[in-house]
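Participant: Predicted model and sequence below, questions to follow.
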Amino acid sequence: MEGREWWLWGLAVVVTLVLTFGIVSLTYFQLHPQTEGTYWTDLKEWVRGLALVVLLFDIYTLYQHLQLQRIRRQLAERDELFQLITENAADMIAVVDDAGRRIYNSPAYQHILGYSVEELKTTSSIEQIHPDDRLGVLEAARKARSTGQGQRLEYRMRHKDGSWRILESTASAIRNAKGETEKLVIVNRDISERKRAEEMLAHSAFHDGLTNLPNRALLLERLQRALVLSKRHRDYKFAVLFIDIDEFKVFNDSLGHKVGDDILVQIGQRLTASLREVDTISRPLLGQSSKDDTLARLGGDEYTILLEDIRTPSDAIRVAERLQSRLAVPFTVQGYEIVVNASVGIALSTAACAHAEDLLRDANIAMYRAKRAGKARCEVFDTAMHEGAVRRLELETELRKGMELGEFRTHYQPIISLTTGRITGFEALTRWQRGNRLLSPAEFITVAEETGLIVPMNRWLLCEACEQLRSWQRQFPAEPPLSMSVNITSKEFAHPDLAKGIGETLRQTALDPYNLQLEITETIAMANPEKAASVLSELKSLGVRLSVDDFGTGYSSLSRLQQFPVDALKIDRSFISHMDSDPESHKIVKIIIMLAQSLGLVTVAEGTETEEHVNQLKALDCSFAQGYYFCKPADQHVISALLLKVNSSSSSAKAYQASAGT
Ligand code: C2E
Ligand code: MG
Ligand code: MG
């Protein structure tokens, strides 16, 4: 076609040129001299002008032709490019006519949706769209036709295998010369994977990774919704159940975290199943409402249930009790038979709570009350609990303030050798000077422990006690030198830097480590014997001595005791104080002393209050005693005076009697 056009054009040009040349030569070279005159002159001018116009026209035509060729070449190249892009694009590109019929589908359709180009030609695109999305797609197409540019749209399309793919699409209109929309070009992108990833992310933001139960964030959201609903509808009542597994730490410590995790998963499953079951038993009138209840895991061994639409508060208690009884059925985890108990705290929507967090906090307070009341129990939050919690919070704030203001004092209680009657050492005990009141540890040590304030508090006490001991050692030299006992709480015991901190204090105060005794209660040591053995060895490597405090109140296994690198047993004062009246206590004290001797440990009798106690302890061959009979805990001035009297006098017993009333 192109060649033929060239020929035609060429012929036209040649013919015109020949014609022009003929006319021009005719007129210029005056081949007919006899016909001179104005007529010829005019004709000559006119022909010349015509020739010029023809020549210009030829040039213009040639130019136009070249332009046309260029445009054609460009169009062909663009067509090729479009073909290349659409055929290779990962996105599915379709062209549909104004009736919605498919004119073109890119090969990506086969790749993504499984249909061949032939299959696509014979199927209607609207049928492949998810019924719920059809209206949206039709509306978007209508908009694209009228405005020329469609909006971004997400819809589902059926894969040949029957599954649904999520597509993101945009449509653009192709208009004809009159500006009417003739076709639509639709570009579809498969975003199924991205959507799935987004869904997974959204799920994990609101669910617990281990049990796949809703997490705290989702629970709080639902709680807030329930709160709003209860404010709007008076009859709508709900409850929050806070469930905490009793002594869960023991499973983790003794069986390992893997088993611990499995137990938590099984508890979650048991609670879910039980919730469904107890719902029909405890709230039979509510029928389908159980689907609204949210069981969430807040982390650790804490689960929460949002019990929606209850009739009376007793509904919540009934559900809690039934859940507890379901949980009490033994679990089998990795071959172990495990029995768990749970403490449950309940907060009811009737309480004047504005925020979801407040309700959760109330349920938590009630749960703690249940634990303190003896575990495996259920408590409903009341205002007295709230007041208790507020008082605790105040105490916590004041404790911090007290620390900053240096309101803590160290008192010392002498430890006496029952053979010599002399003071061999002291136990350092904290006191809190609040105004003119001197608070004993019973009033604040639990809060200090729970808030972690005990760590800096005892570091300070250790330093002070070590310095005081150095001073007394210089003032009252003895062989062996005076020693100092310091208590270690469970929070400190679990602190990874415990040994390091004590080592630093010993260096700072230049105290011989052997003169420092660390007291760890039997309960702390036995809570996790393996861990305790390693911490105790680490402490022992500092060169300090170790005692088991309040011995007899825990559940020490003798073989364990043998493995611990301890030096002394402090017999709990509950046995000593009853040993003169209760033969059973006397027997226990006797057994503990015998046991200690067989293990090469010294014994210290706490709470020695009477002369009778002292005599009995001496008869049982107890090494040391500590108690009000000798001296109550007192500040350094009182103790210095006592030391002066006792350790330098020949009759120490009388000296104690004189100072015991302090
Ligand atoms: P603990 O280590 O068993 O300390 C002995 C407790 O028995 C002291 O009570 C002491 O005052 C009391 N006590 C001593 N002799 C007698 C007696 O003859 N009769 C009676 N009824 N009680 C006697 P305190 O000072 O109130 O301390 C109580 C507990 O608080 C201590 O028990 C110890 O576990 C803890 N604690 C005290 N101060 C500190 C401290 O600075 N740090 C740490 N971590 N714990 C401390
Ligand atoms: Mg102690
Ligand atoms: Mg004790």
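Facilitator: Thanks, I have it. Ligands and ions are numbered 1, 2, ... in the order given.
Participant: which residues are there in this protein that come within reach of ligand 3?
Facilitator: For the chain, the contact set with ligand 3 under CB under 5 Å from the ion comprises 549-550, 606. No exception for glycine: its C-beta is placed from N, CA and C like everyone else's.
Participant: Which single one of those residues is nearest to residue 564?
Facilitator: For residue 564, the closest of these turns out to be residue 549, at 12.8 Å, with distances computed as CB to CB.
Participant: Do you know the pLDDT at that closest one?
Facilitator: Among the per-residue scores, residue 549 holds a pLDDT of 93.
Participant: what does residue 3 give?
Facilitator: According to the model's per-residue confidence, residue 3 sits at a pLDDT of 61.
Participant: So which of the residues of the chain next to ligand 3 sit within strands?
Facilitator: Using DSSP state E, the members of the residues of the chain next to ligand 3 that fall within strands are 549-550.
Participant: which among the residues of the chain next to ligand 3 gets closest to residue 413?
Facilitator: The shortest gap between residue 413 and any of the residues of the chain next to ligand 3 belongs to residue 606, at 9.5 Å (CB to CB).
Participant: And the residue lying closest to the closest one once chain neighbours are set aside, how far from residue 553?
Facilitator: Beyond its immediate neighbours in the sequence, the residue positioned closest to residue 606 (CB to CB, 6 or more residues apart in numbering) is residue 573, lying 4.2 Å away. Applying CB to CB, to the nearest Å, one obtains 10 Å for the distance of residue 573 from residue 553.
Participant: Need the CA coordinates for stretch 77-95. PDB is fine.
Facilitator: The C-alpha trace of stretch 77-95 is given here as PDB (Å, rounded to 0.1, in the frame of the first residue of the first chain):
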ATOM      1  CA  GLU A  77       5.400   2.000  17.400                       C
ATOM      2  CA  ARG A  78       2.800   3.000  20.100                       C
ATOM      3  CA  ASP A  79       0.600   0.100  19.200                       C
ATOM      4  CA  GLU A  80       3.600  -2.200  19.500                       C
ATOM      5  CA  LEU A  81       4.400  -0.700  22.900                       C
ATOM      6  CA  PHE A  82       0.800  -1.000  24.200                       C
ATOM      7  CA  GLN A  83       0.800  -4.600  23.000                       C
ATOM      8  CA  LEU A  84       4.100  -5.200  24.800                       C
ATOM      9  CA  ILE A  85       2.900  -3.600  28.000                       C
ATOM     10  CA  THR A  86      -0.500  -5.200  28.200                       C
ATOM     11  CA  GLU A  87       0.800  -8.600  27.200                       C
ATOM     12  CA  ASN A  88       3.500  -8.500  29.900                       C
ATOM     13  CA  ALA A  89       1.900  -6.500  32.600                       C
ATOM     14  CA  ALA A  90       1.300  -8.200  36.000                       C
ATOM     15  CA  ASP A  91      -2.000  -6.300  36.200                       C
ATOM     16  CA  MET A  92      -5.000  -7.500  34.300                       C
ATOM     17  CA  ILE A  93      -6.000  -5.000  31.600                       C
ATOM     18  CA  ALA A  94      -9.300  -5.200  29.900                       C
ATOM     19  CA  VAL A  95     -11.100  -3.100  27.300                       C
END
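Participant: Run the chain-centre distance for stretch 399-410.
Facilitator: Mean-position distance between stretch 399-410 and its chain equals 33 Å (CA atoms, centre = their mean, to the nearest Å).
Participant: Then stretch 111-127?
Facilitator: Distance, stretch centre to chain centre, for stretch 111-127: 46 Å (CA atoms, centre = their mean).
Participant: Mind listing what's buried along that stretch?
Facilitator: By neighbour count with 16 or more other CB atoms under 10 Å, stretch 111-127 contains the buried residues 112-113, 115, 120, 125.
Participant: now stretch 219-233
Facilitator: Burial within stretch 219-233, assessed by neighbour count using 16+ other CB under 10 Å, is assigned to 219-220, 222-223, 226-227, 230.
Participant: quick one on the thing from earlier: nearest to ligand 2, of the residues of the chain next to ligand 3?
Facilitator: When those are compared for distance to ligand 2 (CB to the ion), residue 549 wins out at 4.3 Å.
Participant: Is it correct that the closest one is in contact with residue 570?
Facilitator: Yes - A contact is recorded between residue 549 and residue 570 when judged using CB atoms under 8 Å, the distance being 5.0 Å.
Participant: can you list residues touching both of the two?
Facilitator: Between them, residue 549 and residue 570 have residue 519 as joint contacts when contacts are counted by CB atoms under 8 Å, 6 or more residues apart in numbering.
Participant: what about residue 414, is that helix, strand or coil?
Facilitator: strand (DSSP: H, G, I helix; E, B strand; the rest coil).
Participant: Please report how far it lies from residue 646.
Facilitator: From residue 414 across to residue 646, the span is 8 Å (CB to CB).
Participant: likewise residue 225?
Facilitator: Residue 225 sits 70 Å away from residue 646 when distances are taken as CB to CB.
Participant: now residue 391
Facilitator: When CB to CB is the yardstick, residue 391 and residue 646 sit 42 Å from each other.
Participant: what about the stretch 301-450 of the chain, any weak spots by pLDDT?
Facilitator: Of all residues in the stretch 301-450 of the chain, those with pLDDT under 70 make up the ranges 351.
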